[in-house]
Every structure is written in C-alpha cells, then in structure tokens.
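Student: 3D, please:
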Amino acid sequence: MSGETSAMEQTRFADGPVAPRIRTALGAVLIGVVGLLGLTAVVLTARHGSVLPIDRAAHTWSLHHRPAALVTVARVVTATGTGVFPYAAAVAAGLTAGRDIRHRLAYAAGALAFLLLGQALRFGLMETIGRPRPAVGDWATHASGFAFPSGHATTSALMAGLLVAAIGHRARLRRARAAGSGSGRSIGTAAVAVLLGCWAAAVGMSRVLLGVHWVTDVVAGWLFAAVWLGLGAALIRTALPAHRR
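Tutor: Numbers count the residues shown, from 1 in each chain. Model (predicted):
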C-alpha cells in the first residue's frame, strides 16, 4: 500500500499542481511581452531616426580598441553564431531533452523548426526595416544584408536558450527518477546556463567590435530572441501537460 501511495505522490509532484504551471506560462508570456515592447521601441527609433548616440559611441570605441589579437578572437567567436553550428546545436538540444527515442526525435525536429521559423521572422523584420550597416571601411570581417536586428546575436541567443531549456528539462527528468536527489546537477545546470549566456553575449558583442553592426542591432537581436523563446515556452507549457513533455 505504501508503495502505491509513494508512486501516486511522485506522479502528482511530477505533473505539478495546476496553479504553478499557469504561473510559469504567464511568466513566460510576460517575459515575451516585455521583450516585444523593448524591441518595438528600438525598431521605431531605428526606423525613424538616424544612428543613435550610443551606436556612434560604441562604434567609435570599437574602432580604437581592437588590436589584431582581439580581432582574431572576435572572428572566431562570431563564427560560432552562424553557419551549420546553430542548427546542429538545436538538433542536439532536442536529442538531449527527450526521455526516449520517440521524444528525442520529436524534440529535435521541433527545436530545429523553432529556430528556422524564428530566423524567417527575423529576416522578414530585417528586410522590412532595411537599416544600413556601418561604413564598409570600418569592417574587420565579412558581412551581408541589412543590420537590424543582428542575425548573429539573434541566432546565438536562440541557440543558448534552446540548449539551456533542454539541459534543464533533462535535469528535471533525472531528479524525478531519483525522487528529488541530485542537487549537484542543479548547480551544474546553472553553471552551464551561465556559460551559454556569456557565449551568446560574446557573439553579439563581437559584431560591434568587428564594426559590422550598431550596438542597437545587437540589443534588438537579443530582445527578439527573448520574445521568441518566451512565446515558445508559453506555448509548450500551455499546450502540453507535464507528463507528455
């Protein structure tokens, strides 16, 4: 009898009460809305005004503070925010999050679709706004297309968010199996999340240092990623019960 009671309690705690789940979904939506408001403000400024003072100041500073060694490092860092790497990371995130082969394949496909759709929306926004980049003579790396929002900043932030969500989900599954043990894993998950956040920030800042983006392009990329990740989290929390995740 005690074994059945224990199993029922574990199931109840795994599913979680309705109220916390609703609060989590509302919190994710709130993050998305706040990010959207910030993104809208930056978009309106960029669309109807000239280069902002903060853009000019950051650009000028980068031109005078980029020795050859730093430029080399920035080029390596910026390369990780584009190409096949982000999409491979999205697939890896999905494979990490799943608890069995069926879930892993489904999550991998979903993460890849999530990233691709986010990129399509970002590209549409970029083409609609059509903000020019800094002068080509100031570039320390190759770039193409319009500036706003930064594709590298958006992509790296989305990739970091997907990986953090996947690792966190995997850690929760392990703790559930271990009946609440594994606090070390929580610390490890937090450390990985910090490292991924720092990496995404470094990719964004490298674009300013290399002279191919204004700083508000990068900030807009981060805000766009926050909106997209927040909406994705809210949709998952609302549409899927806990036992199906």
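Student: For the closest residue to Ala143 other than its chain neighbours, give me the pLDDT.
Tutor: Once flanking residues are discounted, Ala143 sits nearest to Val212: 3.9 Å by Cβ to Cβ, 6 or more residues apart in numbering. Yep, even glycine has a C-beta here, placed from its N, CA and C like the rest. You'll see Val212 listed with a pLDDT of 94.
Student: got it, and Asp217?
Tutor: Asp217 carries a pLDDT value of 90.
Student: Pull out the buried positions in whichever helix or strand it is part of.
Tutor: Here Asp217, judged by DSSP states H and E, is contained in helix 215-239. Buried residues in helix 215-239, counting neighbours by 16 or more other Cβ atoms under 10 Å, are found at 215-234, 236-237.
Student: Where does the residue minimising distance to the centre of the chain sit, in terms of helix or strand?
Tutor: Of all residues in the chain, the one closest to the mean position by Cα atoms, centre = their mean is Leu158, 2.6 Å from it. Per DSSP H and E: Leu158 is located in helix 151-177.
Student: and that helix with helix 215-239, angle?
Tutor: Between helix 151-177 and helix 215-239, the angle comes out at 30 degrees (axes from the mean of the first three to the mean of the last three Cα atoms, to 10 degrees).
Student: Would you map the helices across the protein?
Tutor: Counting by DSSP state H, one finds helices in the chain at the ranges 2-15, 18-48, 53-64, 68-79, 85-97, 101-129, 151-177, 183-209, 215-239.
Student: got any ranges where this protein has weak pLDDT?
Tutor: Applying pLDDT under 70 to the chain picks out residues 1-30, 32-34, 36-37, 39-50, 175-187, 237-245.
Student: Please report how far Ala202 lies from Val227.
Tutor: Here Ala202 is placed at a distance of 21 Å from Val227 (Cβ to Cβ, to the nearest Å).
Student: again, but for Pro132
Tutor: From Pro132 across to Val227, the span is 24 Å (Cβ to Cβ).
Student: thinking again about what came up before, excluding residues flanking it in the chain, which one is nearest the residue nearest to the centre of the chain?
Tutor: The spatial neighbour of Leu158 that comes closest, neighbours along the chain excluded (Cβ to Cβ, 6+ apart), is Ala225 at 4.8 Å.
Student: what residues are up against Leu117?
Tutor: By Cβ atoms under 8 Å, 6 or more residues apart in numbering, the contact list for Leu117 is empty.
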